[in-house]
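> sequence below, structure please.
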Amino acid sequence: MSEPLYQDDAYLSKVTGRVVSHTDQGGVVLDQSLFYPTGGGQPGDRGHLTWDGGQMAIATTVKGEDGAIVLVPAEGQGLPPVEAEVVQTLDWDLRMLHMRMHTALHLLSVVIPLPVTGGQIGAEKSRLDFAMEHPLEDKQAVEDALNDLIARDLEVTTRWISDAELEANPGLVKTMSVQPPKGAGQVRLVRIGTEGEQVDLQPCGGTHVSRTAEIGRVRLGKVEKKGRMNRRVALHLKA
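This next block holds a predicted model:
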């Protein structure tokens, strides 16, 4: 199992680690990982490893067996030896784009208060799918409401609850297609706003900005019909 450092500090961009194993597919597993593995609609992180006598570019990061976080090398890269001490360096620009987008999507689910049927985070465009029978009445009003929430510079924090607490509060789960991971005994919640003035609270294992103002202004893209009861809303960062 790899310790997921990004869960406690999404702003950590450089740290050491030790190579625990190589996978049969040619990936690298460390004892602790700076890199977020693909999941929950968020792409895996990129970056590179350096060690005494070598370096490896990381094309993406994925989940392995038994809690392992697997670093997938770019084509033609050599692997660090097992037990080697390495320095992990994150592609910070890409991570920050994903963080801004991910938090913005949480807020989009606030201004469009409908069940979420799917989603995908990207550096240039992201989207949420909603159980939405009718088109948005006023797309500009939704965009304005979203930017107003972002401009409030709300605090973004995390906390953990037990599986039993989540089962007792099913309304926390907004996503219909993907359920939060259970079975480990605890589930991570992401809160936007303070406990006394909460804007959003939902299970999430991804990385987020610490305050909404870091997102910057956004714009809504296409709203596409994806079935009788489903519509896809695209989101773009303005800068």
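> contact partners for V20?
Counting by Cβ atoms under 8 Å, 6 or more residues apart in numbering, V20 touches 2, 29-31, 68, 82. (Glycine included, C-beta is placed from N, CA and C.)
> correct me, but T89 touches D45?
No: assessed by Cβ atoms under 8 Å, T89 is found out of contact with D45, at 10.7 Å.
> neighbour count for these two, which is higher?
D45 (25 against 17; other Cβ atoms under 10 Å).
> please report how far the closest residue to S162 other than its chain neighbours lies from R95.
Take S162 and drop its neighbours on the chain: the residue closest to it by Cβ to Cβ, 6 or more residues apart in numbering is Q186, 5.7 Å away. Distance, Q186 to R95, using Cβ to Cβ, to the nearest Å: 24 Å.
> mind checking the SS state of L108?
helix (DSSP: H, G, I helix; E, B strand; the rest coil).
> find the residue at the geometric middle of this structure.
G206 (3.1 Å; Cα atoms, centre = their mean).
> quick one: contacts for it?
36, 39-42, 98, 102, 121, 190.
> in which helix or strand would I find it?
G206 belongs to no helix or strand when assigned by DSSP states H and E.
> which of the contacts of V20 ranks first by neighbour count?
L30 (26 neighbours).
> ok, so what distance separates that one from G205?
18 Å.
> about what we covered before: K225: which of the contacts of V20 is nearest?
Nearest to K225 among the contacts of V20 is A68, at 39.8 Å by Cβ to Cβ.
> now for the worst-scoring helix or strand of the chain on mean pLDDT, which elements pack on it?
Counting by mean pLDDT, DSSP states H and E, the chain has its least confident helix or strand at helix 163-168, which shows a mean of 73. Counting contacts by 3 or more Cβ pairs under 8 Å, 6 or more residues apart in numbering; DSSP states H and E, helix 163-168 packs against strand 186-193.
> so where's this protein shaky on pLDDT?
170-184 (pLDDT under 70).
> helices of that one, residue ranges please.
92-111, 139-151, 163-168 (DSSP state H).
> among those, show me which one is buried the most.
Stretch with highest mean neighbour count among the helices of the chain: helix 92-111 (a mean of 21; mean count of other Cβ atoms under 10 Å).
> output that one as CSV, nothing but the C-alphas.
Extracted in CSV, the C-alpha atoms of helix 92-111 (Å, rounded to 0.1, in the frame of the first residue of the first chain):
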residue,chain,number,x,y,z
TRP,A,92,2.5,21.3,-10.6
ASP,A,93,0.9,23.3,-13.4
LEU,A,94,-1.3,20.3,-14.5
ARG,A,95,-2.2,19.4,-10.9
MET,A,96,-3.3,23.0,-10.2
LEU,A,97,-5.5,23.1,-13.3
HIS,A,98,-7.1,19.8,-12.1
MET,A,99,-7.6,21.2,-8.6
ARG,A,100,-9.2,24.4,-9.8
MET,A,101,-11.5,22.4,-12.1
HIS,A,102,-12.5,19.8,-9.5
THR,A,103,-13.5,22.4,-6.9
ALA,A,104,-15.4,24.4,-9.6
LEU,A,105,-17.4,21.2,-10.5
HIS,A,106,-18.4,20.8,-6.8
LEU,A,107,-19.7,24.3,-7.0
LEU,A,108,-21.5,23.6,-10.3
SER,A,109,-23.4,20.9,-8.5
VAL,A,110,-24.5,23.5,-6.0
VAL,A,111,-25.9,26.0,-8.6
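> what does that helix contact?
10, 13, 36, 42-43, 45-46, 116, 119, 121-124, 126, 128, 142, 145-146, 149-150, 156, 174, 190, 192, 199-200, 202, 204, 206-209, 212, 214-216, 218, 233, 235, 237.
> re the thing from before, name the nearest residue to the residue nearest to the centre of the chain, sequence neighbours excluded.
Using Cβ to Cβ, 6+ apart, the nearest residue to G206 is Q42, at 4.6 Å.
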